[in-house]
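Student: Generate a structure from the sequence data that follows.
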Amino acid sequence: MLLLTRREGENIIIGDEIQIQILSVSKDSEHVRIRVESPDVVAVQCSDVGSEVTDRKQGPVITHKQARRVIR
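Tutor: Okay, here's the model as predicted:
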């Protein structure tokens, strides 16, 4: 296992095609907002999706937006 510390705006790159960017960290340090860029063939989901989470008001929200590829 690899443990990393990142600040807002910093990235983690996995292999050649997966990039994780730290978008924001809440002031109380309980929430981190991240962006994951990966090929469509890579499934990205939270580990607690599908399990009951009782100590949160709202469950995880996963949105996937297809990025348009620009050919120049």
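Student: Tell me the helix or strand right after the longest strand seen in the chain.
Tutor: Criterion DSSP state E: the longest strand present in the chain is strand 18-25. Once strand 18-25 ends, the next helix or strand along the chain (criterion: DSSP states H and E) is strand 32-37.
Student: Would you mind writing the CA trace of that following strand as CSV?
Tutor: Only the C-alpha atoms of strand 32-37 are listed here, as CSV (Å, rounded to 0.1, in the frame of the first residue of the first chain):
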residue,chain,number,x,y,z
VAL,A,32,-12.2,15.7,0.2
ARG,A,33,-13.5,16.4,-3.4
ILE,A,34,-11.5,14.6,-6.1
ARG,A,35,-11.7,14.2,-9.9
VAL,A,36,-10.7,10.9,-11.5
GLU,A,37,-9.8,10.8,-15.2
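Student: Tell me the strands beside it, with direction?
Tutor: Sheet pairing of strand 32-37 (DSSP bridges) gives strand 18-25 (antiparallel).
Student: Tell me the buried residues in the strand it pairs with?
Tutor: By neighbour count on 16 or more other C-beta atoms under 10 Å, the buried set for strand 18-25 is 20-22. For every residue, glycine as well, the C-beta is placed using N, CA and C.
Student: contacting residues around that strand?
Tutor: 6-14, 31-39, 42 (C-beta atoms under 8 Å, 6 or more residues apart in numbering).
Student: Against Val25, how distant is Pro39?
Tutor: Distance, Pro39 to Val25, by C-beta to C-beta, to the nearest Å: 27 Å.
Student: for Asp48, same thing?
Tutor: 19 Å.
Student: Glu10 now?
Tutor: From Glu10 to Val25 the distance is 11 Å (C-beta to C-beta).
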